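1. kindly return the folded structure for what I paste below:
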Amino acid sequence: MEETVPSVEAYEAAMVLSRVGDALGYQGGRCEYCTSGPQIHTELAGLEAITLEPPERPVSDDTVLHLATAEGLATGLEGEPLLQELACRYVATMGDMEGRKPGPTSMLGDTSQLWPGEPEGYRIPFNPTGAGCGAAMRSLAIGLRYPHAWELPMLIQVSIESGRMTHHHPTGYLGTLAVARFGGSGGWPRALRELSCLRVLPLAWDYVEGAGVAAAAWPFFRDTWHR
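-> Now for the predicted structure:
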């Protein structure tokens with residue numbers, strides 16, 4: 001089974017359309033925090049008439065952090081230098097969060113516990129409540145950066161380490177891995193994608209165990225994924 005790498009146009013579309021969806025769904029927080037599905041559908045009816053322009057349709061904190069991830073990956077750095085670069089960029093994004101309503105987990109990790117430039121300054125202490133989807137929302141670019149099957153170890157490392165910079169709980173940083181994993185396998189044959197989805201968690205566990213990353217509550221995500 002051969003794998004193919006998406007075209008440049010496909011990469012551009014993935015980046016642009018993910019952010020279009022963010023602006024469409026965020027709407028300054030009105031849709032994001034609305035608990036009524038029918039109301040959201042009503043407000044978004046007639047997409048051709050919607051203009052995605054600030055200040056009515058700003059992008060959220062997720063887009064700002066996703067762009068920071070993509071720009072960090074575009075430097076060509078690898079290993080710890082890349083992780084330090086991502087941590088530095090995440091901290092810097094806190095200056096562009098007015099009106100974007102970043103989640104409390106991201107705010108806590110970015111502003112008070114990341115020390116880019118220091119040894120392992122991209123790692124934060126374990127937080128049993130550090131779950132949520134904020135880390136996953138910024139990880140599509142990781143999958144686009146490592147699309148080949150042979151690059152899976154790098155995808156696992158970067159997604160887990162970047163995710164736990166703010167979301168230290170496994171349900172947070174494994175969500176990062178999941179989004180990156182599916183984003184990076186778009187050019188793979190379907191059968192290979194489906195098999196690897198079941199095989200990637202043991203590989204992730206090997207990395208987490210070897211890196212000494214806190215693994216409390218790991219079974220919850222693992223068991224849910226398998227179901």
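
2. OK, contacts around Ala23?
-> Each residue near Ala23 by CB atoms under 8 Å, 6 or more residues apart in numbering is listed here: 52, 57-60, 63. Yep, even glycine has a C-beta here, placed from its N, CA and C like the rest.

3. write the ChimeraX selection for whichever of these are buried.
-> The buried subset of the contacts of Ala23, as determined by 16 or more other CB atoms under 10 Å, is captured in ChimeraX by this line:
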select :57,58,59,60,63
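
4. biggest separation within the contacts of Ala23, which pair?
-> Pairwise distances across the contacts of Ala23 peak at 12.5 Å for Leu52 and Ser60 (criterion: CB to CB).

5. follow-up on the earlier one: just give me the closest of the contacts of Ala23 to Arg30.
-> Sorting the contacts of Ala23 by how near they are to Arg30, with CB to CB, puts Arg57 at the top with 10.3 Å.

6. give me the pLDDT for that closest one.
-> Per-residue confidence at Arg57 stands at 81 (pLDDT).

7. quick check: the gap between the most centrally placed residue in the chain and Arg30.
-> Nearest to the geometric centre of the chain sits Ser139, at 2.5 Å (CA atoms, centre = their mean). Distance, Ser139 to Arg30, by CB to CB, to the nearest Å: 25 Å.

8. do the same with Arg222
-> Relative to Arg30, Arg222 is positioned 36 Å away (criterion: CB to CB).

9. just to revisit the earlier point, does the residue nearest to the centre of the chain touch Thr69 like I think?
-> Yes - at 6.8 Å, Ser139 and Thr69 qualify as touching, with contact defined as CB atoms under 8 Å.

10. what is in contact with those two at once?
-> When contacts are counted by CB under 8 Å, 6+ apart, the set common to Ser139 and Thr69 consists of Ser162.

11. now Ala178, nearest residue through space, not along the chain?
-> With CB to CB, 6 or more residues apart in numbering as the measure, Ala136 is the residue that lies nearest to Ala178, at 6.7 Å, once sequence neighbours are left out.

12. thought the one you found was touching Thr166?
-> No - taking contacts as CB under 8 Å, Ala136 lies outside contact range of Thr166: 10.9 Å.

13. out of these two, which sits in the busier spot?
-> Set side by side, Ala136 and Thr166 show unequal neighbour counts under other CB atoms under 10 Å, the larger going to Thr166 at 30 against 22.
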